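Asks: Mind folding the following:
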Amino acid sequence: VRWTQTATNMIADGANDFTEVGPGNVLQGLVKKVSREVQTSSASIA
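Replies: Numbers count the residues shown, from 1 in each chain. As a prediction, the model looks like this:
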C-alpha cells in the first residue's frame, strides 16, 4: 500500500479535509503523520 505517497499527492492537489468512515481512527493518525496542517474527522454508526 502506498499510503504516504497517496496522501501526499492528495494534499498537493489541494485536499485539506479527510474523513475516516468506520470505527477507529487509524487512518486519521496516518494522515496527520504526512501533514499536521490538514483537518481529520471520523464518522461511524454504532
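Asks: residues contacting the residue sitting nearest the centre point of the chain?
Replies: The C-alpha lying nearest the average C-alpha coordinate of the chain belongs to Val31 (CA atoms, centre = their mean; 3.9 Å). Under the criterion of CB atoms under 8 Å, 6 or more residues apart in numbering, the contact partners of Val31 comprise 7, 18, 38, 40. Bear in mind the C-beta positions are built from the backbone N, C-alpha and C, glycine included.
Asks: Try it again at 6 Å.
Replies: 7, 18, 40 (CB atoms under 6 Å, 6 or more residues apart in numbering).
Asks: Which ones among those residues map onto strands?
Replies: Among the contacts of Val31, the members falling in strands (DSSP state E) are 18, 40.
Asks: Among the contacts of Val31, pick out the one closest to Ala46, please.
Replies: Distance to Ala46, by CB to CB, is smallest for Thr40 among those, at 19.6 Å.
Asks: quick one: low-confidence ranges for the chain?
Replies: In the prediction, the chain carries no residues with pLDDT under 70.
Asks: show me where it has strands.
Replies: Assigned by DSSP E, the strands in the chain fall at 17-21, 39-43.
Asks: Not counting its own residues, what contacts the last one?
Replies: Spelled out, that is strand 39-43. Outside strand 39-43, the residues within contact range by CB under 6 Å, 6+ apart are 17-21, 25, 28, 31.
Asks: coming back round to it: how about the strands of the chain, which one is nearest Arg2?
Replies: From the strands of the chain, taking CB to CB, the stretch that ends up closest is strand 17-21, at 16.1 Å.
Asks: What is that closest one packed up against?
Replies: The contact analysis (3 or more CB pairs under 6 Å, 6 or more residues apart in numbering; DSSP states H and E) places strand 17-21 against helix 26-34, strand 39-43.
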